[in-house]
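In: Structure of the sequence below:
(2 chains)
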Amino acid sequence: MASKAADPPVAPLDVRDLLLRAVASAVITFFLAIGIVGIELVSAPTGLTFDTRFIGVGTAVAFAFFGYLALGLLHARRIWPVVICAGVATAVVVAALIGIERNPALDHLLPFESTVLNWGSVLFPLGLVVRGLYLHVQARRQARGVAVAADTLARLRRSVPTWLGAFMLGAAVVLPFLPFADRRLVDICTLTLTYIMLGWGLNIVVGLAGLLDLGYVAFYAVGAYSYALLATNYELSFWVCLPLAGALAALFGILLGFPVLRLRGDYLAIVTLGFGEMIRIVLINWEWFTGGPNGINNVARPSFFGLPFERSPAEGTESFASFFGLEYSPNQRVIFLYFLILACALVTNFFTLRIRKLPLGRAWEALREDETACRALGINPRNTKLTAFAFGAMFAGFAGSFFAARQGFISPESFTFIESAVILAIVVLGGMGSQVGIVLAAIVLIGIPEFFRELMDYRMLAFGIGMVLIMIWKPGGLLAFREPTVRLHRPGR
Amino acid sequence: MAYFIQQLVNGLALGSIYGLIAIGYTMVYGIIGMINFAHGDIYMIGAFHAVILFLVLGVLGITWVPLALIIVLLVAVMLTAMYGWTVERVAYRPLRGQSRLAPLISAIGMSILLQNYVLLLQGARGKPLHGIVEGAVPLFEQGGFTVQISYMQIMIVVVTVGLMLGFTWLITRTPLGRAQRACEQDMRMAALLGVNINRTVSTTFVIGASLAAVAGLMVTLYYGIIDFYLGFVAGIKAFTAAVLGGIGSLPGAMLGGMLIGMIEAFWSAYFTIEYKDVAAFSVLVLVLIFRPTGLLGKPEVEKV
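Out: Below is the predicted model of the structure:
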C-alpha cells in the first residue's frame, strides 16, 4: 500500500451525512428484502400459498444499517469503535454458535435460523475487524515514516509471480506424497488442476489474442465426447484418443471461429456463447449418437502406458501394481490421474510461455492491442485469430478428454454456460494474462469451495458474492502485474 | 394459413417479452458498454415479485383483476427497479473506468448471486400461478382450425407498444433522455458539460429493470409458472435479440426481440421444438456474418 505515496486524503467524518446514508441503505434493503425474503412462496396441494419471514427482513435491514455505518466510519478512519463493536458482534455470535448445544436459550443471539448462515454472517464483522486493524497498522506505519520505499516494494511485488510459481510447482509435485494428502484432497487438487489447465487454455484466446470467448466449454465438451465416443465405440486407448480429441476440438475451434472472424468485442462474445449453448443442445437431443441427456456411461479409464489400474488384471496381462510389484491400492489411480493432469496443465503453461516469444504469439498480442494497426503491419488477422481459437480449443479438448477419463461418465449437464463463465472468471480474476494469477484464481474459485461441497446451495451463493467482491477489491485481477513480452528499453529507466 | 397466423400471433407475444428485456441490455450496453449479465435475473426477480404480490393481494381481498393487475404492476416495477439500482451501485459503479472485462465478470457473479439468492429463499420448485387473465377472442376459422388471440396476448402486445411509445418519447424528448444520449456518445465530455453521470447511469439501470419487471409480470401471467432459473434462458435470448437488432439501438432491440420470438414460434410449430434455441442462434450468426453490427446497429468506425 505504501506504493500509493499520495493516498487520497481521508474524508472528515460528517456524522449526520453518514447516518442519513446508513438510513437510506437500510430503507433500500427493506424494499429489496420485503418481497423475496419477507414472503416465502409455498406450493400447497390447494395451490400456491405463502408464509411470512419478517424476522429475516429485520435482520437484513439491521445488517445493512450497521454495515454501512461501520464501512463509513472505517472510511473516515474512525477505526476503534468499529473494530470493538464488530469484534463484540463476532464474539457473541461465535460464542452462541458454540454454546447453543448446551443452552438452547442462546438461540436469541443468533441472526439466522440456519447454522450455515450464522457462520457466514460472522464473516462480515470479522472482515470489518481485520480491515480496521489493517488500516490502523498502515496509519501507524505512515505516521512513523517506516513505509518501505515504494520502489523496493514495487520490485518485490513484481517478483511475486516468479517465486510463487516456483513454490506452487514444487508443492504440486510433492503434494500426493505428503502425509495429510488423503484421497479427497488429491481429488480436489485434480479438479482444480483441470480448471487451471482450462484457464491457461482460455488465456490463449482471451488473455493473449484478446478475443472474448463465452462458449469455451463447447470445446471442453467436444474433447470429452470425442474421447468417450472413441473409447466406447472403437475401444481406442486414452493415449490414442488424447491427441485425436485435441485435434477434433481444434477443428471445431476453426469451424466455429470462421464465421465470426469479422466480429469484434461483444458481438463475438454473444456468438461464442450461442455456439456453446448450441453444442449443448445438440448433445442433449442427438440421442443415438451422444446418449442424449443420460450421457455416456462406463468410459474406459486411462492406463499407465498400457498398464491398467486394476486389482486383478485379466489373464496374461499385467496391471500397474503387479508390474511394479506394488500392493494394489485404489489411490494409485487417483495419484496417477493427478500427475496426468498436472503434466497436461504444465504443457499448456509451457506452450503459452514459449509461444509468446514466437512470431505467432506476438501477433496475437498485437492483435489484442490493435486490430487495425495489425492489419496495416501486414499481420493476417484471419489466420491469427483462427490459430488462437484452434490452440485454445485444443487445450480444452485435452482437458475434456481427461475429464471424461477421470469421471468415467459424461453428460451434457457438465457443459453449461456457467462452466464457461467460471473459466473466464478464473482468467480475469487471476489478472488477465498472468499464468500464476490463474492458478491462484482457480484455487480460490474451485479448490477452496470444493471443501464445502456439503453446503451446496450456499456454496454457489458464496461463489457469486466472491466473484463480485474480488472484482471490486482488485479490478485488475489477483496478480495484475505482468512483464510486457517486448520492451523497447531496459526496465528501470 | 390459419395455423401460420396463429403462430404469428404467438410469436408476436413472445417477441414482445423478449423485446422488453432486450431494451434493458441494449440501454446498458449503449451507455456504459458492458453486457449486464444480471439483467435476466432481474427479470426473474420481477416475475417472483409479481407472483408474491398477487398472492398477498389475494389475502388482502383485492381480487378484482384490473385493479390487482395495476397494483401488482406498479409495486413489482418499483421493487424490481430497486434491485436494478442496487446491482449497479454495488457491483458495477466501483468498476467504472476499469478494463472491459472487470464489470463483465462482476455481472456474471451478480447473476449467480441473484439466482442462488432466490433459490435459497424461495426453493427450487416451479411456482404456478394460474387463472388471473383467461379467455381468448376467436378471430376466424379455417378448415376446422380456429385462430384465436388470448386476452393475455392482447395485453402483452398493447402494454409493450405503449411502453415503447412512452420510452421513445422519454429518450428523444426529455432532459433525461438527452443526458442519456450524451453519456452514450462521450461520458467524459457529458460530465464536463454538467451531466450527472452517476445519476444518469443509475436511471438507465432503473428503467431497464422496470421494463424487465413488466416483462416478468407478463411472462408470469402468460405461462403461469416461474422458477429461479427463468432469467438465465430468457436473458440469453433477450441479449441475442439485442445483438441481432444491433446493440445500442432501441428500435433494434425491439425488432430483434420480435424476430427471435417469431423464429422460436415458427420453428417449434413447423420443425422440432428441441432445436428452437439452435435456430435462434443460427439466425444470429447468419445475420452477423453479413451485418457484423446487427440489423440496425451503426457500423463502428475505429480510429487508431
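In: C-alpha only now, for contacts and for neighbours.
Out: Noted.
In: In a helix, A:G215, correct?
Out: No. Looking at A:G215 with DSSP: H, G, I helix; E, B strand; the rest coil, it is coil, so not inside a helix.
In: Can you report how many residues lie near it?
Out: If you count neighbours by other CA atoms under 10 Å in any protein chain shown, A:G215 ends up with 28.
In: give the contact list for it.
Out: If you count contacts by CA atoms under 8 Å, 6 or more residues apart in numbering or on different chains, A:G215 has them with A:269, A:272-277, A:417, A:420.
In: quick one: the strands in the chain?
Out: Just going to use chain A. A:39-44, A:47-52 (DSSP state E).
In: meant chain B actually
Out: Counting by DSSP E, the strands of chain B are B:127-128, B:136-142, B:145-150, B:225-226.
In: Figure out which of these is closest to A:L424.
Out: strand B:225-226 (29.0 Å; CA to CA).
In: chain center to that closest one, what's the gap?
Out: Relative to its parent chain, strand B:225-226 has a centroid offset of 16 Å by CA atoms, centre = their mean, to the nearest Å.
In: just stretch A:382-396 next, same as before
Out: That offset, for stretch A:382-396, works out to 22 Å (CA atoms, centre = their mean).
In: does that stretch come close to chain B?
Out: No. Stretch A:382-396 is not in contact with chain B by CA under 8 Å from any CA of the partner chain; minimum separation 14.0 Å.
In: Closest residue of the stretch 301-450 of chain A to chain B?
Out: A:A425 (5.9 Å; CA to the nearest CA).
In: Show the low-confidence segments of the stretch 1-150 of chain A, by residue range.
Out: For the stretch 1-150 of chain A, the stretches with pLDDT under 70 are A:1-11, A:107, A:109, A:111-113, A:145-150.
In: re earlier: give me the subset of the contacts of A:G215 that also touch chain B.
Out: Taking CA under 8 Å from any CA as the test, chain B is in contact with A:274-275, A:277 out of the contacts of A:G215.
In: Relative to B:P103, how far out is the residue nearest to B:L288 when sequence neighbours are not counted?
Out: If the residues on either side of it in the chain are set aside, B:L288 comes closest to B:G294, at 5.9 Å by CA to CA, 6 or more residues apart in numbering or on different chains. Separation of B:G294 from B:P103 (CA to CA, to the nearest Å) stands at 23 Å.
In: Would you quantify the distance from A:I79 to chain B?
Out: A:I79 sits 23 Å away from chain B, going by CA to the nearest CA, to the nearest Å.
In: That residue reaches A:G72, doesn't it?
Out: No. Counting by CA atoms under 8 Å, A:I79 does not reach A:G72; the two are 10.1 Å apart.
In: coming back round to it: what's the residue nearest to B:L288 sitting at in phi/psi?
Out: Main-chain torsions, B:G294, degrees, to the nearest 10: phi 80, psi 180.
In: contacting residues for residue 172?
Out: Unless you meant another one, I'm taking chain A. In this structure, A:A172 makes contact with A:L342, judged by CA under 8 Å, 6+ apart.
In: sorry, should have said chain B
Out: Shown in contact with B:T172 (CA under 8 Å, 6+ apart): B:R178.
In: Quick check: the gap between it and chain A.
Out: Applying CA to the nearest CA, the value for B:T172 to chain A is 26 Å.
In: Read off the pLDDT value for that residue.
Out: Reported pLDDT at B:T172 in the predicted model: 87.
In: Which elements pack onto the least confident helix or strand in chain B by mean pLDDT?
Out: Least confident helix or strand of chain B, by mean pLDDT, DSSP states H and E, is strand B:136-142 with a mean of 78. Here strand B:136-142 touches strand B:145-150, helix B:151-173, going by 3 or more CA pairs under 8 Å, 6 or more residues apart in numbering or on different chains; DSSP states H and E.
In: give me that answer again for 7 Å
Out: The contact analysis (3 or more CA pairs under 7 Å, 6 or more residues apart in numbering or on different chains; DSSP states H and E) places strand B:136-142 against strand B:145-150.
In: pLDDT averaged over the strand it packs on - what is it?
Out: Averaged over strand B:145-150, pLDDT sits at 83.
In: How about it, which residues are buried there?
Out: Neighbour-count burial for strand B:145-150 flags B:147-150 (criterion: 16 or more other CA atoms under 10 Å in any protein chain shown).
In: And the contacts of that strand?
Out: Residues outside strand B:145-150 that contact it (CA atoms under 7 Å, 6 or more residues apart in numbering or on different chains) are B:2, B:6, B:9, B:135-141.
In: what about residue 275, neighbour count?
Out: Chain wasn't specified; assuming chain A. Using other CA under 10 Å, A:F275 has 23 neighbouring residues.
In: My question was about chain B, not that one.
Out: Residues near B:Y275, counting by other CA under 10 Å, number 16.
In: Now do the phi/psi pair for it.
Out: Per-residue torsions, B:Y275: phi -100, psi 20 (degrees, to the nearest 10).
In: same thing with B:G194?
Out: Dihedral angles (degrees, to the nearest 10) for B:G194: phi 90, psi 10.
In: Please report the distance of it from chain A.
Out: From B:G194 to chain A the distance is 24 Å (CA to the nearest CA).
In: Same question for B:A279.
Out: For B:A279 relative to chain A (CA to the nearest CA), the value is 9 Å.
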